[in-house]
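1. predicted structure and sequence below. I'll ask about it afterward.
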Amino acid sequence: MNEIFKNIILFFVGDNAFVGTMFASMLPIIEARGSIPLGSTNAIFSSPLSLPLSFLSAFIGSTLMTLILLAIVIPFFKYLKKFEWFSSIYNKVANKINNHEKKLANKKSEIRKYIYLGALCALPVPLTGYYTSCLIAGLCNMKFLPSFISIVIGNIICMLIVILFSLLIPEISIWIFYIFAIAFIITILIILVQFLISVFINKKNNIEKKN
């Protein structure tokens with residue numbers, strides 16, 4: 001497994017641990033939490049980074065990606081809502097989130113929703129992180145600056161948790177990256193399969209309508 005990931009990573013970024021860590025931190029699911037052990041172990045790169053440098057590289061990449069995501073996520077959702085297949089999914093998710101947001105507002109806890117947003121980002125498990133937090137911020141029409149601050153703080157907490165694990169159990173630190181990398185690949189495959197199925201079904205329905 002190590003050789004497979006090593007060849008893939010070296011193919012895209014070369015033997016540069018700082019650039020490789022930054023690049024990995026910008027990928028969904030892997031994010032900063034998975035990129036820190038990638039850069040700080042010698043399993044991939046010939047000259048691994050120290051944990052502080054790995055933290056810095058992951059922080060730069062993930063913070064830059066957070067800015068980009070928050071800047072485009074709202075207009076992107078508005079564009080996707082033009083498509084019927086996405087509109088139904090969007091409305092269901094948005095209604096649930098907005099209902100929860102109203103409950104928070106009733107409790108006069110405007111700040112609490114940003115705390116929840118940061119807490120979601122701070123969890124070092126798949127399907128959380130700054131990508132998910134940015135998507136939720138867009139769905140809830142949350143303010144840019146408070147969302148950005150809460151996500152960055154949550155991301156820092158997440159990275160510190162990963163560093164703590166790397167210090168306490170260094171021999172399994174690279175497996176943190178492997179877990180998130182495998183989750184990333186599986187998610188991409190699922191999305192691809194669902195897309196192909198939806199295309200096939202739409203084509204089939206169009207053919208039946210013509211007949």
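-> Okay, I see it. Numbers count the residues shown, from 1 in each chain.

2. could you pick out the longest helix of this structure?
-> Assignment by DSSP state H gives helix 173-210 as the longest helix of the chain.

3. next one: it to chain centre, how far?
-> 17 Å (CA atoms, centre = their mean, to the nearest Å).

4. show me what counts as buried in it.
-> 173-174, 176-181, 183-184 (16 or more other CB atoms under 10 Å). Bear in mind the C-beta positions are built from the backbone N, C-alpha and C, glycine included.

5. number of residues surrounding the closest residue to V152 other than its chain neighbours?
-> Spatially, and ignoring its direct neighbours in sequence, V152 is nearest to T63 (6.0 Å; CB to CB, 6 or more residues apart in numbering). Burial of T63 is recorded as 19 neighbouring residues (other CB atoms under 10 Å).

6. what's the angle between the helix or strand where T63 lies and helix 173-210?
-> Taking DSSP states H and E as the criterion, the element that holds T63 is helix 51-80. Angle of helix 51-80 versus helix 173-210, following axes from the mean of the first three to the mean of the last three CA atoms, to 10 degrees, is 10 degrees.

7. what's the average pLDDT for helix 51-80?
-> For helix 51-80, mean pLDDT is 88.

8. again, but for stretch 142-153
-> Rounded mean pLDDT across stretch 142-153 is 92.

9. dump that stretch to CSV, restricted to CA.
-> The C-alpha trace of stretch 142-153 is given here as CSV (Å, rounded to 0.1, in the frame of the first residue of the first chain):
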residue,chain,number,x,y,z
MET,A,142,-23.8,32.3,7.3
LYS,A,143,-21.6,35.3,7.3
PHE,A,144,-18.2,35.0,5.6
LEU,A,145,-15.9,36.4,8.3
PRO,A,146,-17.3,34.6,11.4
SER,A,147,-17.5,31.4,9.4
PHE,A,148,-13.9,31.7,8.2
ILE,A,149,-12.6,32.4,11.8
SER,A,150,-14.6,29.5,13.3
ILE,A,151,-13.5,27.1,10.6
VAL,A,152,-9.8,28.1,10.9
ILE,A,153,-9.9,27.7,14.7
